[in-house]
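Asks: Give me coordinates for this.
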Amino acid sequence: MTRDETPTPVPAAAPIGRVERRGVRLPRPNAIVTQPLRPGTDLPLLARPASPGADPVACAAEQRTAIGDLLLRHGAILFRGFGFDGVETFSRFIQALSGDLLEYRYRSTPRSEVGAGIYTSTEYPASEEIPPHNENSYAAIWPMKLFFFCELPAAEGGMTPIADSHRVHERIAPDVRARFAAKGVAYVRNYGGGADLPWEQVFLTDDRGAVEEFCRHAGIEFEWRQDGRLRTRQVCQATAVHPRTGRPLWFNQAHLFHYSSLAPDVREALLEVFGEEDLPRNATFGDGAPIPLADLEAVRAAYRQELVAFPWQRGDVLLLDNMAVAHARTPYSGERRLRVGMTEPVDGRELSL
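Replies: Next up is the predicted model:
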């Protein structure tokens, strides 16, 4: 240092005070964190584990009440990142969260059972779209909770779009809603003839007496016809009120059962072979009057406006309030393995619909 250089002053060290020890709050091992899957919409709610390596079954057991409250508010929860490794874990998760699994009897679509109470999703050709619907809303008894497990997503497509049943209800014109609500929907099914599911597969028995007992209990009219064929007719609700939220819901499958939902070539072929009365399935108003095609198109338009779609990821589990939220399926390519479980039966005859 030369004489002309002035040393830079070094600031005095700050006095060392008392160091306070503060605990670091770590997330509980089985806690979950939630956020909207997409900005601007709360359908579905995305749930992730708060810490890596969380056990999904333990999460379900410990967070059962909290998850139930979230489902009531949002209608759909997508569990992602929980490491579901197969059907067994999926089954135990459902039972920890919602109790016993239901047998899928009086089904309307082909499925296979892959575990006790766990089924494949609808086994329709991959090229076909499945319209939005609430599971078993064509029946007097339906599941309140519906679970989907993505064991393998499709290479392309194969989404499960969902729609808020209350918003669908509100989108449909009041006069259309009033007609449906006043008359209900009659579902007519003709089993046999090779065009739809055989009655043995629908009722899970080849015992006619067991079928008749089921029908009487469920309020289904039945008629045995020639060659072992069976015809059933059941009048059910068109709208419903959610038993816990009190919200009015669009809750039927008239637009799906009605022959107008078929592709034109298929529709023409079936009408030529069977005639309208003997179609494998059809829907009318509860009093037998035909449903105007314009009304059915209004319903389909309301669903289209409300559908929310998202791509599946391997290991995803989607939980739906089956009354509050409808679901559909888009066409897909490649292998797709989606598993389904249902819980908490609801008897619509005991609700204020």
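
Asks: looking at this, residue 213 is in a strand?
Replies: No: counting by DSSP: H, G, I helix; E, B strand; the rest coil, residue 213 is not part of a strand but helix.

Asks: measure it to residue 343 for me?
Replies: For residue 213, the distance to residue 343 equals 24 Å [Cβ to Cβ, to the nearest Å]. No exception for glycine: its C-beta is placed from N, CA and C like everyone else's.

Asks: And these two? Which one has more around it.
Replies: Comparing residue 213 with residue 343 by other Cβ atoms under 10 Å, the one with more neighbours is residue 343, at 20 against 13.

Asks: so what's residue 210 closest to, chain neighbours aside?
Replies: Distances taken as Cβ to Cβ, 6 or more residues apart in numbering place residue 203 nearest to residue 210, at 7.1 Å, with adjacent residues excluded.

Asks: Neighbours of the one you found, how many?
Replies: A count of nearby residues for residue 203, using other Cβ under 10 Å, gives 23.

Asks: what sits opposite residue 347 in the beta ladder?
Replies: Residue 347 has these beta-bridge partners by DSSP bridges: residue 141.

Asks: Pretty sure it sits against residue 140.
Replies: Yes: using Cβ atoms under 8 Å, residue 347 is in contact with residue 140, at 6.5 Å.

Asks: With neighbour numbers in mind, choose between those two.
Replies: A direct count of neighbours by other Cβ under 10 Å for residue 347 and residue 140 places residue 140 higher, at 19 against 11.

Asks: Provide a list of residues in contact with the more buried one.
Replies: Residues near residue 140 by Cβ atoms under 8 Å, 6 or more residues apart in numbering: 218, 219, 234, 236, 347, 348, 349.

Asks: try it again with 6 Å
Replies: With contact set as Cβ atoms under 6 Å, 6 or more residues apart in numbering, residue 140 has these partners: 218, 219, 348, 349.

Asks: Among those residues, the buried ones, what's the ChimeraX command?
Replies: Selection of buried members from the contacts of residue 140 for ChimeraX, criterion 16 or more other Cβ atoms under 10 Å:
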select :218,348
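
Asks: which one of the contacts of residue 140 sits closest to residue 159?
Replies: residue 348 (28.7 Å; Cβ to Cβ).

Asks: Please, where are all the helices along the stretch 101-250 of the chain?
Replies: For the stretch 101-250 of the chain, applying DSSP state H, counting those that start in this stretch gives helices covering 165-171, 174-183, 199-203, 208-218.

Asks: so which of these gets nearest residue 264?
Replies: helix 174-183 (23.7 Å).

Asks: Can you give me the buried ones in the closest one?
Replies: Per 16+ other Cβ under 10 Å, helix 174-183 contains these buried residues: 176, 177, 179, 180, 181, 183.

Asks: swap in stretch 258-272?
Replies: For stretch 258-272, by 16+ other Cβ under 10 Å, it's 258, 259, 260, 261, 262, 270.

Asks: Where in the protein is the helix or strand with the lowest mean pLDDT?
Replies: When the helices and strands of the chain are scored by mean pLDDT, DSSP states H and E, strand 113-115 comes last with a mean of 90.

Asks: quick one: strands adjacent to that one?
Replies: When DSSP bridges is applied, strand 113-115 pairs with strand 118-120 (antiparallel).

Asks: Please state the offset of the strand it pairs with from the chain centre?
Replies: 13 Å (Cα atoms, centre = their mean, to the nearest Å).

Asks: what's the answer for stretch 159-177, then?
Replies: Distance of stretch 159-177 from the chain centroid (Cα atoms, centre = their mean) equals 15 Å.
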